[in-house]
Each structure stands twice: as structure tokens, then as C-alpha cells.
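Colleague: Pasting the sequence and the predicted model now:
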Amino acid sequence: MQDVLKGVIAIPAAEAAPRPVPSHYPEAFAGHLRGRMKHPLGDVFGLKNLDVNLTRVPPGAVSSLHHRHTRQDEFVYVLEGRPTLITDDGEMELAPGMCAGFPADGAAHHLQNLTDTDVVFLEVGDRAPEDTVIYPADDLESVSGPDGVRRFTHKDGTPY
């Protein structure tokens, strides 16, 4: 977690330190996100219940693996570029000013940048305890342990 800025109530979002590693996925899956940069804005301010990221996805990359949460609601708001939203129900090109929401236990989803320019969006979610992330297209699940640390497993429960 990034250090909380004591006494600071506002910053330019793009100046928040990016995550030190581009992906927490196991190495077999991390390559899909090469070049993605997340600025964890909620961490900057010590937010405990709300997770907010300013995310930049270069051409050809994805925001995440195709996934859904069992407890966490998720929301994205496009600032720059034209990402393709991919859900269980199909694909839709988004544009700046558009937003999408994904309730817990809803459709699996991810954004893909099929253009030749970067895509930038805000990603907002709650920090629901005991959330499991299911990746329907991959042999992967992510479970929050009792200590709050997220762990990746195969779908049969064996750890990566």
C-alpha cells in the first residue's frame, strides 16, 4: 500500500505513484497486462472501504483478465481513448465520458484496448471482505484470506 499523504486532501491523480508491479497475477497470466499502469488513488488517501484507480492501458493490452467478483461492485469511467468492453453478453466500444457498472455476482468483464492510442479510465470498487474473483476463461481464482491478503489459486483450490 502506498504511503498515505498526511494532511493532503487533493492531488493531481496522474501524479500519484503507480503500483510498483504492473500485475499481481501469477506469471503465466501477467503478460496480458504488460504496459498497464495503475495509480491506486484510494490508497493515497488511506481509504478503507473504497478502492479507486486511475488506470492507463496501452494499445493491444487489457485492463484485467476476464473476471467477476462475488462480493465487490465495480464501476469504470472512461477519461481518454476508446476501449472495448467485453462481457459475457458481448462487446461494446466505449468513448470518453461513458461509464459501466458491474454488480457483485454479475457478468464477467474486462476492457481491451484495440486502438493505436492509450486508454485511460477511473476504476472504482468497494473493498468487500471475503471477495472471491472468478476468471471463467482461465484456471484461476483469487481469494481474500482472513488477513485481507489476496491469494491466487487454480480452480481446484491448489495455490499458484
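Modeller: Perfect, thanks for sending it.

Colleague: How many residues are close by Asp149?
Modeller: I think there's a mix-up here, since residue 149 is Val and not Asp. Number of residues near Val149 (other C-beta atoms under 10 Å) recorded here: 8. Heads up, the C-betas are built off the backbone N, CA and C, glycines and all.

Colleague: how far away is it from Ala95?
Modeller: 37 Å (C-beta to C-beta, to the nearest Å).

Colleague: Then Ile134?
Modeller: For Ile134, the distance to Ala95 - C-beta to C-beta - is 29 Å.

Colleague: What of Arg82?
Modeller: 5 Å.

Colleague: So between these two, which is more surrounded?
Modeller: Arg82 (15 against 10).

Colleague: which ones are touching His67?
Modeller: When contacts are counted by C-beta atoms under 8 Å, 6 or more residues apart in numbering, His67 touches 108-110, 133-136.

Colleague: Could you tell me the phi and psi values at Ala30?
Modeller: phi -60, psi -30 (degrees, to the nearest 10).

Colleague: ok, for Pro40, nearest residue in space, not its chain neighbours?
Modeller: Asn53 (5.5 Å; C-beta to C-beta, 6 or more residues apart in numbering).

Colleague: Walk me through which strands the helix or strand hosting the one you found pairs with, and which way each runs.
Modeller: Here Asn53 sits within strand 50-57, counting by DSSP states H and E. Using DSSP bridges, the strands paired with strand 50-57 are strand 37-40 (antiparallel), strand 119-126 (antiparallel).

Colleague: What are the buried residues along it?
Modeller: By 16 or more other C-beta atoms under 10 Å, the buried positions in strand 50-57 come out as 51-57.

Colleague: Take those and lay them out in TSV including pLDDT and distance to Phe121.
Modeller: Output for the buried residues of strand 50-57, formatted as TSV (pLDDT from 0 to 100; distance: C-beta to C-beta, whole Å):
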residue	pLDDT	distance to Phe121
Asp51	92	14
Val52	96	11
Asn53	96	9
Leu54	98	8
Thr55	97	6
Arg56	97	8
Val57	96	8
